[in-house]
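>>> sharing a model that was predicted from the sequence below.
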Amino acid sequence: MIVSFPHMGNMHIVLETLLKELGQSVCVPPPISKRTLELGARYSPETVCLPFKIMLGNFIEALEQGADTLISCGGKGPCRLGYYAEVQREILSRLGYRFEMIVIEPQLGDVVRTVRRLSSGKSWLQVYRAFQFAGRKLQLLDDLERRSAELRPVEYQAGSVDIARKEGIMAISQAAGEAELKLIWPAITAALDGIAIARERNPLKIGLVGEIYVMLEPFINQDLERRLGDLGVEVHKSMYLSDYVKGHLYHSADYRKQFLHLDKLAKPYLGHYVGGHGLKSVAYSLQKAQEHFDGVIQVYPFTCMPEVVAKNILHQVSKDADLPVLTLAFDEQSGDAGIVTRLEAFIDLLHYRRSRKPQVIG
């Protein structure tokens, strides 16, 4: 069995670690490229959303490299994610590929059954330790991303944060055990703390909301977080991969409490679940307004129904909360120049609004 899976941000590092700890041979697909997108778009239904096409391209490239087992996710609710695996299985089979597809539903019981199947006779203690090690990498990767987003708009030397971030990701990826992670993390944080910053800067603060795949995958969102950082913006994403795992797989008490708070925030505008992260996009935007953020950017794949619902509501949220909101929809036709132009215009607007606000003198 040679196992593979699609890319989404740093997820491949976590899944590769988990599967290898469970005793599986792993084939990580090549990094997402234009070829990945072209392959996925060529064989996908025309109106399907961009994540579907990229994932299909990932699977094709993995099968070309010798993978024979593909891991995908299921889903529930109005979002079409729940249909991805079955449609992709049919497309790949018609293309002549021979493989097994393992679909993991977003419930802990289904995850446990799948892991047991993939654990190659490992004991429950070994399985637990594999999860613990992979989970620790996941949390450190997200902590590194958060810290990088805070530092990027105030770095004195352009690119210094990205260098430290890249080295940190590589070190976490290559760590062979918990003990090694404990040794390298202080070095990673020290490298970030050692970056020269311009303390006089007061960067704009923007919340990033929307569909999780587009939010976390830089190839899809055209490296949006780095672009914003380079433009002097401190980016706060509404969701990281660790948040998704804690909420949708572990259903942690903290997550349930947070979701109830978000549901209450959104209720005057959206009183029911619409699938995906649509409700959260509305709620997080209202939350960022309460936290006096300068603006919000919503990102989503073109034709994504939950986020289209949220987009239409965010117009009223923006007006009521006096919060500028920019929406960016991505598909295979999205151009780099158009995104940059819209970002620059939005940031100019936010700077203007900030300059017009009365200054409080203590």
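Everything's here; your move.
>>> does anything pack onto the lowest-mean-pLDDT helix or strand in the chain? Which helices or strands?
Least confident element among the helices and strands of the chain, by mean pLDDT, DSSP states H and E: helix 108-118 (a mean of 78). Helix 108-118 makes packing contacts with strand 100-104, helix 124-151 when contacts are defined by 3 or more Cβ pairs under 8 Å, 6 or more residues apart in numbering; DSSP states H and E. Placement of C-beta: from N, CA and C, glycine included.
>>> hey, least reliable of the ones you listed by pLDDT?
Set side by side, these show their lowest mean pLDDT on strand 100-104, which sits at a mean of 90.
>>> can you tell me what sits against that strand?
Residues from elsewhere that reach strand 100-104, judged by Cβ atoms under 8 Å, 6 or more residues apart in numbering: 68-74, 85-86, 88-89, 92, 110-111, 114, 117-118.
>>> which of these fall within strands?
By the criterion of DSSP state E, membership of the contacts of strand 100-104 in strands covers 69-73.
>>> of these, closest to residue 127?
residue 71 (16.0 Å; Cβ to Cβ).
>>> hang on, that closest one packs against residue 3?
Yes: between residue 71 and residue 3 there is a contact at 6.3 Å, judged by Cβ atoms under 8 Å.
>>> in PyMOL, select just the buried ones from the ones in strands among the contacts of strand 100-104.
The buried subset of those, as determined by 16 or more other Cβ atoms under 10 Å, is captured in PyMOL by this line:
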select buried, resi 69+70+71+72+73
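>>> want to throw the ones in strands among the contacts of strand 100-104 into CSV with pLDDT and distance to residue 299?
Output for the ones in strands among the contacts of strand 100-104, formatted as CSV (pLDDT from 0 to 100; distance: Cβ to Cβ, whole Å):
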residue, pLDDT, distance to residue 299
69, 96, 31
70, 96, 26
71, 93, 25
72, 90, 22
73, 83, 20
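>>> and which of the ones in strands among the contacts of strand 100-104 is nearest to residue 154?
Checking the ones in strands among the contacts of strand 100-104 one by one against residue 154 (Cβ to Cβ), the nearest turns out to be residue 73, at 36.7 Å.
>>> which residues does residue 196 contact?
With contact set as Cβ under 8 Å, 6+ apart, residue 196 has these partners: 155-157, 160.
>>> quick one: low-confidence ranges for the stretch 101-250 of the chain?
For the stretch 101-250 of the chain, the stretches flagged by pLDDT under 70 are 108, 248-250.
>>> ok, 80 please
Within the stretch 101-250 of the chain, the segments meeting pLDDT under 80 span 105-112, 120, 246-250.
>>> now swap in the stretch 251-362 of the chain and tell me
Using pLDDT under 80, the flagged stretches of the stretch 251-362 of the chain are 251-256, 259, 275, 334-336, 357-362.
>>> one step back: let's see if you can find the most crowded of the contacts of residue 196.
When neighbours are counted by other Cβ atoms under 10 Å, residue 155 leads the contacts of residue 196 with 20 neighbours.
>>> which residue packs closest to it, ignoring adjacent ones?
Taking Cβ to Cβ, 6 or more residues apart in numbering, and ignoring the residues beside it in sequence, residue 155 has residue 161 as its nearest neighbour in space, at 5.0 Å.
>>> then that neighbour would be within a helix, right?
Yes: counting by DSSP: H, G, I helix; E, B strand; the rest coil, residue 161 is part of a helix.
>>> from here on, count from 18
With 18 as the first residue, the last one maps to residue 178.
>>> that one - how many residues pack around it?
25.
>>> that one against residue 168, yeah?
Yes: contact criterion Cβ under 8 Å: residue 178 and residue 168 qualify, at 4.8 Å.
>>> got any residues that touch both of the two?
Common neighbours of residue 178 and residue 168 (criterion: Cβ under 8 Å, 6+ apart): 209, 212.
>>> hang on, the earlier thing: between the contacts of residue 213, which is nearest residue 221?
Nearest member of those to residue 221, counting by Cβ to Cβ, is residue 172, at 15.2 Å.
>>> perfect, that will be all.
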